[in-house]
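Engineer: Okay, here's the prediction I keep looking at, along with the sequence it came from:
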Amino acid sequence: MSEEKKEELEKSPIDCLFDEDDTSPISLYNEKGEEVKFEQIAIIPIEEDFYAILKPMEEMEGVGEDEALVFQIIESDNEEEEDHLDLVSDIDVIDKVFAVYNKLMDEQEEK
């Protein structure tokens, strides 16, 4: 196995999210332990927090074909725990994340 492939396998989803050159799908596991692949749409910083907008690559119950989910990136305070992604269910936070995303997209279109 090539060194590059080994590095890819060892990278956490969060490492993949912050790697601008990495366009591979983000693999997460649902509550049943099943792998779910996501396309990264954006990383959104709000105050001191970071959020990832991820779109399921396959049909997902409760998520429309043109919809994406918001995950908060949780950085661990100690070495015993890994950084991880938490699905955001607070509609106010979701609205805020998409408002920032839409503003950024509008700014990009103006350039």
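Structural biologist: Received, thanks.

Engineer: Please count neighbours and contacts with C-alpha atoms only from this point.
Structural biologist: Noted.

Engineer: number of nearby residues for residue 50?
Structural biologist: 15 (other Cα atoms under 10 Å).

Engineer: before we move on, what about residue 67?
Structural biologist: When neighbours are counted by other Cα under 10 Å, residue 67 registers 11.

Engineer: Check the secondary structure at it for me.
Structural biologist: Here residue 67 takes the coil state, with states given by DSSP: H, G, I helix; E, B strand; the rest coil.

Engineer: For the chain, give the strand that spans the most residues.
Structural biologist: If you go by DSSP state E, the chain has its longest strand at strand 35-46.

Engineer: Show me what it is packed up against.
Structural biologist: Packed against strand 35-46, as judged by 3 or more Cα pairs under 8 Å, 6 or more residues apart in numbering; DSSP states H and E, are the following elements: helix 13-18, strand 26-29, strand 49-56, helix 91-110.

Engineer: Any idea how far stretch 100-111 is from the middle of the chain?
Structural biologist: Using Cα atoms, centre = their mean, to the nearest Å, the distance from the centre of stretch 100-111 to the centre of the chain it belongs to is 19 Å.
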